[in-house]
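Q: let's see this in three dimensions:
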Amino acid sequence: QVQLVESGGGLVQAGGALRLSCVASGSIFKINTMGWYRQAPGKERELVATINSGDSTNYADSVKGRFTISRDNAKNTGYLQLNSLKPEDTAVYFCNARIIRRCTFAANTYWGQGTQVTVSS
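A: Modelled structure (predicted):
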C-alpha cells in the first residue's frame, strides 16, 4: 500500500509564508510526477504546481513567482514553498503523485488527505 501525508498548513497573515511537505510511504519503486492542488470552499480543485522526475516544474499563473515546488527523492518527499501569501490562496492543499509500486511495477495516482492553508487579510 502507498500513502501520501501532507503537513505544514496553518493560519498566516497576508504576505506571510508557509512550507508544505508531502511524504510518500509504502511499497514504492519510483515516484514520477508529484503535484500540489488546492480546493477553496465552493470551488473546484485546481492545479497549483507539478514537478516531474527530471525536476521540470509547472505552475498555475496565479502562483508563479510566489510558490516554489521541489522534491527530495531520497526521502520520497515533495515540498511546496508558499511566499507572499494572499487571502485568495486560502484553500485545502492536496498532494498528488504518480507512483510505480515495488514488486508489481504498477503505476497509480495517489492523493493525500489535504492540509488547510488560511490566509488572513
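
Q: tell me the confidence at the residue sitting furthest away from the middle of the chain?
A: Distance from the centre of the chain peaks at residue 103, with 26.1 Å (C-alpha atoms, centre = their mean). Per-residue pLDDT puts residue 103 at 87.

Q: so what touches stretch 3-21?
A: Contact partners of stretch 3-21, identified using C-beta atoms under 8 Å, 6 or more residues apart in numbering, comprise 22-26, 36, 77-87, 93-97, 110-121. Every residue, glycine included, has its C-beta placed from N, CA and C.

Q: 7 Å - rerun?
A: 22-26, 36, 77, 79-87, 93, 95, 97, 110-121 (C-beta atoms under 7 Å, 6 or more residues apart in numbering).

Q: out of those, which are inside strands?
A: Counting by DSSP state E, the part of these found in strands is 22-26, 36, 77, 79-82, 93, 95, 97, 110-111, 115-120.

Q: residues contacting residue 45?
A: Residue 45 sits next to 37, 39, 94 when contact means C-beta under 7 Å, 6+ apart.

Q: again, 8 Å this time
A: Contact analysis of residue 45 by C-beta under 8 Å, 6+ apart lists 37-39, 94.

Q: so residue 66 touches residue 88, yeah?
A: No. Residue 66 is beyond contact range of residue 88, at 11.4 Å (criterion: C-beta atoms under 8 Å).

Q: more crowded one of the two?
A: residue 66 (15 against 11; other C-beta atoms under 10 Å).

Q: contacting residues for the spatially closest residue to that one that is not a sequence neighbour?
A: With C-beta to C-beta, 6 or more residues apart in numbering as the measure, residue 84 is the residue that lies nearest to residue 66, at 4.6 Å, once sequence neighbours are left out. For residue 84, the contacting residues are 15, 17, 66, by C-beta under 8 Å, 6+ apart.
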